[in-house]
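[1] Dropping the sequence and predicted coords here.
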Amino acid sequence: MKRIIYILLTSLLIPAFSASAQNSIKPSGDTLIYLKVFGACEQCKDRIEGAVKGRGVRSAAWDENTNQLQLVYNPAKISLEKIKNKIVSVGHDLEDKKADDNVYNALPTCCLYRKPDSMSEDSNTKPDVLNLQSITAAVDSSLKTKPGVIESESVTVIKGVVLEEDNKGVFKPLPNASVFLLSTGYGVITDTDGIFSIHPEQADDRLVITYTGYKSDTIAAGKSREVRIILATDRKLKEVVITTKKRSTYVNNFNPIRTETLTSKEILKAACCNLSESFETNPSVDVSYNDAVTGSKQIQLLGLSGNYSQLTVENLPGPRGIATPLGLNSIAGPWIESIQLTKGVGSVANGYESIAGQINVELKKPENSEQMLANLYVNSAGKTDLNLNLSKKIGKNWSAGLLLHDDFLANRKMDFNKDGFRDLPTGNSFGLVNRYKYSDGKGLESQFGIKILHDKRTGGEVIFDPGADKNTTNSYGLGIEIQRYEAFGKIGYVFPGKKYKSVGLQIDGISHTQDSYFGLTNYNAKQKTVYANLIYQSIINTTIHKFRTGLSFLYDDYQEVFKTANFARTEMVPGIFGEYTFTPNDKFSAIVGMRLDHNSLFGLFITPRLNMRYEPVKGTVLRMSAGRGQRTANIFAENMSVFVSARQLNILGAGPGGAYGLDPEVAWNKGISVDQKFKLFNNDAQLSLDYFRNDFKNQVVIDLENAREVKFYNLSGKSYSNSFQAQVNVEPIRHLEMRLAYRLFDVKSTFSGQLIERPLISKHRAFANLAYEIRGFKLDYTITYNGRKRLPGTAANTPAYQLPDYSPTFITMNTQVSRTFGKKYPFDIYIGVENLTNYFQENVIVAAAQPFGQYFDASMVWGPVSGRMVYGGLRLTIK
């Protein structure tokens, strides 16, 4: 109301005041004058004020709402005519002077303020006056038929209309209203029908709508794909929203970096007790057990193990280093808000470790998540999961969140394949995240919190008793105890009036301890990590040219004891990075980035990366990427599965420095992808094709080709991976979504001078997911075909313990049915079956009857380690 009064008063008083003010000379000889200067946004303000400042001008202040420029100048030093010429020379009209059309047309889109001739006061053609019903029908038609609308994603493109309501309750479209994104400042102008189309860069972005003489307002971009903004007679913006179906996964087609977002809707398609189970309905990521004893899981992306995919949690370091083998199990599924999956090289702002891709996990935020979410899960093996999410807003600026997870398994007799070993270790895992966020509403935001993980597991033979049998040959057992503590903080500031300009600092500190034993082998490790990342981002003149730059620091201290040998190292990696984004239009965009880092063990190295996007026609998006990645291999933690075998561990060619005497792993990744939208069965459909290749310049080779040992050594020869994937998303009938995919891998490495297939990787994989949803009822079904996998050589074993060269092909099926009851307090009941066909790998442990003999090996896992499993659960939500 205050702003409305201000606008009315200034519009009435300024003209009268300016007439007398033009002749009023201050004691200093300065003159105060008001000029009408046309513009549309904050960039216009900077440009107008910057143009007039100089000799003879004491101050200049332009108001976006009234288009009035308050100017204090000295007529003895500069003439008013010269000031006006300066203004029109940068593309802004005055009431009595007009800027050159070429200069005006070169302005950024968000700065284009001129109304079409058909809407001018002098035009004989006036806009049609419509009622709400007729304008709604017209806009519906326009939104559906105008080129460029993309309806297959929840937030990729938002189309809408800005309308004006007069005193008689009729509506007129408002052309040249400004609509821009709060996060980046990127904006568009409504056309002659008041219609706009804009693509947010992130799901939680917000739209700002401004029009001269009306109060600006902000709405959430992620609520729908189509919005109507009505300017009422009280000059406040109000919103009419059309709700549309939200996709469970989507790709932002306007980002040069191809990132697939898995929403909470996608994650809930499966039981998803933890992060490793979040990819069961995604064809790009393979998830499998590392071995048949520890219960740890690994992912594969682009044919490479998860070690080569950078895992982050809200762009802070996720489980890495010592935490790698059990890290996926430590992030509870109900904690997850969304997952961003990027194949190939990503942004240099996130570091240099990404080789195959990046997986970023976004946790539930206290400021926008449900007040309470309680989840109970139980399966036929006896495993129970309990989750409780709490969030609360504290006052105007603060919010707090608490995420709790506890799972336990006490069934020591679970031995599905009757080999005498427990299929999963028993024990308990407890996790906690406590976080706080502050926002002053003026651009300053900060958050901080802690994370705690306590995990204790016991596995091995079903008769193993740790109290009596630990470190003896009475029976084979293993024990893993993990304590992890983490403290994190973020602070950021968005400059007022310059939403494209911001600075942020991320800090993280981690202490991770693991004490473990595997039969007679002990492995104890400690890791301390400190991470800091300072980022500044802005534009160069216009939002066509954006950049961000910053400084980073990573400190890792490792203390490992394997059997009786000590392995200790400290890595300190300060770095500097810069990234430039070029977006001349909606068809083309590119991101060029470069990092310069210094590793205290390996010296100086450069990480260049390039991502490009081109849309030759609407609905067809081409992307290319290329770049370098580097990481330090943690050979013990990342290959813990070899501990559950009789293999001897040997490090070959180890030098005096580095990590374990080995060089860092370095690879170049190149990729190309095509996303094509089309109509099928009168519904939206999408075809996605991608091809990626990794070439290792150095790699720490894990050589399992001799059944008696595992060898670690630096690559001498070639090592590469080729990955091709084709995926189709269709909706054959209403409420039914279908996802079909085929993937081909060609992954080879040089083992002891011979270039051969890397073991335990399926060359062919086919996938189908069906999701049916109607009136609170959901049915999901996933079927996966896995081609044969090459098995490591076992010729050194006796014939009884020799394995074939390749595994058989096999098919797995999973399904889940859920039903939601209630609206105010939604209550979900879900029931599902994993491994529906009851297929499992027989004789998964080599020489299981002789766990302390020379042939024992529980790491040769190529398929499911247990059969059919039934589960069920309850989920209560208070929004």
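    Great, that's in hand.

[2] Just to be sure, F448 is in a strand?
    Yes: secondary structure of F448 (DSSP: H, G, I helix; E, B strand; the rest coil): part of a strand.

[3] Which of the helices or strands spans L311?
    Taking DSSP states H and E as the criterion, L311 maps to strand 309-313.

[4] cool, G509 as well?
    Per DSSP H and E: G509 is located in strand 502-518.

[5] which secondary structure elements does that strand contact?
    strand 316-317, strand 477-494, strand 521-540 (3 or more C-beta pairs under 8 Å, 6 or more residues apart in numbering; DSSP states H and E). Any C-beta I mention is one placed from the backbone N, CA and C, and that applies to glycine too.

[6] Now with 10 Å, please.
    Applying 3 or more C-beta pairs under 10 Å, 6 or more residues apart in numbering; DSSP states H and E, one finds that strand 502-518 makes contact with strand 316-317, helix 324-327, strand 444-460, strand 477-494, strand 521-540, strand 542-562.

[7] Make a markdown table from the ones you listed and add mean neighbour count to it.
    As requested, the helices and strands packed on strand 502-518 are arranged in a markdown table below (neighbours: other C-beta atoms under 10 Å):
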| stretch | mean neighbour count |
| --- | --- |
| strand 316-317 | 22 |
| helix 324-327 | 26 |
| strand 444-460 | 19 |
| strand 477-494 | 19 |
| strand 521-540 | 18 |
| strand 542-562 | 19 |
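
[8] In contact with K823, which residues?
    Counting by C-beta atoms under 10 Å, 6 or more residues apart in numbering, K823 touches G776, K879.

[9] What's the separation between the residue nearest to the spatial centre of the chain and L736?
    Taking C-alpha atoms, centre = their mean, the centroid of the chain lies closest to Q340, which sits 2.9 Å from it. Distance from Q340 to L736, counting by C-beta to C-beta, to the nearest Å: 26 Å.

[10] next one: R628
    From R628 to L736 the distance is 43 Å (C-beta to C-beta).

[11] May I see the helices and strands packed on strand 502-518 arranged in JSON lines, with distance to L803 and mean pLDDT as well?
    Compiled in JSON lines, those are given as follows (distance: least, C-beta to C-beta, whole Å; pLDDT from 0 to 100):
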{"stretch": "strand 316-317", "distance to L803": "37", "mean pLDDT": "94"}
{"stretch": "helix 324-327", "distance to L803": "23", "mean pLDDT": "87"}
{"stretch": "strand 444-460", "distance to L803": "22", "mean pLDDT": "96"}
{"stretch": "strand 477-494", "distance to L803": "23", "mean pLDDT": "96"}
{"stretch": "strand 521-540", "distance to L803": "23", "mean pLDDT": "97"}
{"stretch": "strand 542-562", "distance to L803": "27", "mean pLDDT": "96"}
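
[12] Let me know the secondary structure of the residue nearest to T620 when sequence neighbours are not counted.
    Of all residues not flanking T620 in the chain, Q676 sits nearest, at 5.4 Å (C-beta to C-beta, 6 or more residues apart in numbering). Following three-state DSSP, Q676 is assigned to strand.

[13] Quick one: neighbours of Q676, just the number.
    15 (other C-beta atoms under 10 Å).

[14] how about the helices in the chain?
    2-21, 42-52, 80-89, 101-105, 132-145, 264-267, 324-327, 466-469 (DSSP state H).

[15] Going by mean pLDDT, which of those comes out lowest?
    Confidence, taken as mean pLDDT, is least for helix 2-21 of those (a mean of 37).

[16] closest to S59 out of the helices and strands packed on strand 502-518?
    When the helices and strands packed on strand 502-518 are compared by C-beta to C-beta, strand 521-540 sits nearest S59, at 24.4 Å.

[17] which of R628 and L736 has more neighbours?
    When R628 and L736 are compared for neighbours, R628 comes out ahead with 20 against 16, by other C-beta under 10 Å.

[18] In contact with that one, which residues?
    Contacts for R628 were tallied using C-beta under 10 Å, 6+ apart; they are 345, 348, 352, 354-355, 595, 605-609, 666-669, 697.

[19] ok, what's across the strand from L662?
    A659 (DSSP bridges).

[20] got a list of what it touches?
    Per C-beta under 10 Å, 6+ apart, neighbours of L662: 632-633, 635, 651-655, 698-701, 712-714.

[21] ok so, going back, can you tell me which of the contacts of R628 are classed as buried?
    The neighbour count (16 or more other C-beta atoms under 10 Å) marks 345, 348, 352, 354-355, 595, 605, 607, 609, 666-669 as buried among the contacts of R628.

[22] what about K392, neighbour count?
    Neighbours of K392 (other C-beta under 10 Å): 12.

[23] coming back round to it: tell me what the strand holding L311 is packed against?
    Secondary-structure packing of strand 309-313 (3+ C-beta pairs under 10 Å, 6+ apart): strand 297-301, strand 336-343, strand 357-363.

[24] To L107, which of those lies closest?
    Among the helices and strands packed on strand 309-313, strand 336-343 comes nearest to L107, with 33.6 Å by C-beta to C-beta.

[25] From S330, how far out is the closest residue to A99 other than its chain neighbours?
    Closest residue to A99 apart from its sequence neighbours, by C-beta to C-beta, 6+ apart: V88 at 4.3 Å. Distance of V88 to S330, computed by C-beta to C-beta: 62 Å.
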